[in-house]
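**Q** Need the 3D shape of this:
(one chain, ligands or ions: 2)
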Amino acid sequence: MTRPIVSARGLTRAYRAPRPARTTTALYPTDLDVAAGEAVGIIGESGAGKSTLARLLLGLDRPTSGTVEVAGRPVDVAAGARSLRWLRRETGIVFQDPYASLDPRMTAGRIVGEPLWALGIEPDATARRERARATLAQVGLPDDAADRHPHEFSGGQRQRIALARAVVHGPRILVGDEPLSALDVTVRAQIIGLLREMRVRQNLTLVLVSHDIGVVQALCDTAVVMQSGRVVERGPVDRVLRSPEHPYTKRLLEAVPTLP
Ligand SMILES: Nc1ncnc2c1ncn2[C@@H]1O[C@H](COP(=O)(O)OP(=O)(O)O)[C@@H](O)[C@H]1O
Ligand SMILES: [Mg+2]
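**A** Numbering: from 1, shown residues only. Ligands and ions are numbered 1, 2, ... in the order given. Below is the predicted model of the structure:
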């Protein structure tokens, strides 16, 4: 692999609860490399540590031990939000529930333009508005979308707004934590198509957390299988899904009714 765009070494995360005193290890020592332009799908059942790993890669959480590098730079969460601005520029994030991440009082245009302001990318309000509109169009929303509020959109459209907001500043890496899980089958297929397009057009690197193996199959080159805080298998999606090596992956796939 040429120098990976995302690289984790010996990454761990333990959660400590004071009363009763106990420690949950959400992530055991984990190494992960993602090449530029690669789409990595992280699968595994609920509680496997998928979201924990994604948050650590994004600098949204501080590892108990280990390191993360993005684009060759160390992610130092302890240094504070200001010093991680470069990381916010390099990355975009989409979560499962778009409604929770969209401010209901703001128009879609302002929501999408906001990162350009917050990241110091576009100080001019008119230019921000233009870029927001263009990005809304790019994710397939109608012309008047920019002037409407989140509640005026369907769930699928709201996820498109969240996606527009995640990519408006031109990040090289898009991380999705179950971004399609709240959507019905038809809308999910549409957003998969959109993400595929964006991957090609913008050479996006994709890190996609999903308990839905079909989504990972449709979008990713590489599958990473997690069980109880550990990566138990990793390989090309087709290989992992067609001839899984780890017993856990086999069980996980047997639970899926049909794979094309
Ligand atoms: N903020 C937290 N405090 C305590 N435990 C947590 C926290 N976040 C996650 N965990 C625990 O870490 C483990 C992994 O969780 P998570 O990364 O959310 O898994 P997944 O995304 O695969 O469902 C689980 O046992 C979960 O209960
Ligand atoms: Mg999760």
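**Q** Need the phi and psi values for Gly92.
**A** According to degrees, to the nearest 10, the main-chain angles of Gly92 amount to phi -130, psi 150.
**Q** Not counting sequence-adjacent ones, nearest residue to it?
**A** Spatial nearest neighbour of Gly92, excluding adjacent residues (C-beta to C-beta, 6 or more residues apart in numbering): Ala166 at 3.4 Å. For every residue, glycine as well, the C-beta is placed using N, CA and C.
**Q** buried set for stretch 45-62?
**A** 48-61 (16 or more other C-beta atoms under 10 Å).
**Q** what's the answer for stretch 76-87, then?
**A** For stretch 76-87, by 16+ other C-beta under 10 Å, it's 77, 84, 87.
**Q** ok so the second one is a helix residue?
**A** Yes - with DSSP: H, G, I helix; E, B strand; the rest coil as the criterion, Leu84 is assigned to a helix.
**Q** so which strand or helix has the nearest residue to it once chain neighbours are set aside?
**A** Among residues not flanking Leu84 along the chain, Gly59 sits closest, at 5.2 Å (C-beta to C-beta, 6+ apart). Taking DSSP states H and E as the definition, one finds Gly59 inside no helix or strand.
**Q** Ligand 1 contacts on the stretch 1-150 of the chain?
**A** 15, 24, 26, 44, 46-52 (C-beta under 6 Å from any ligand atom).
**Q** Looking at those, which is nearest Gln96?
**A** Ser51 (9.5 Å; C-beta to C-beta).
**Q** which stretch of helix or strand covers the closest one?
**A** helix 50-57.
**Q** Packing partners of that helix?
**A** Using 3 or more C-beta pairs under 8 Å, 6 or more residues apart in numbering; DSSP states H and E as the contact test, the elements touching helix 50-57 are strand 6-17, strand 22-34, strand 39-43, strand 65-70, strand 173-177, strand 205-209.
**Q** 7 Å - rerun?
**A** Helices and strands touching helix 50-57, by 3 or more C-beta pairs under 7 Å, 6 or more residues apart in numbering; DSSP states H and E, are strand 6-17, strand 22-34, strand 173-177, strand 205-209.
**Q** For that helix, give me every contacting residue.
**A** For helix 50-57, contacts defined as C-beta atoms under 7 Å, 6 or more residues apart in numbering pick out 6, 8, 11, 13, 26-27, 30, 42, 44, 61, 63, 68, 175, 177, 207, 209, 226.
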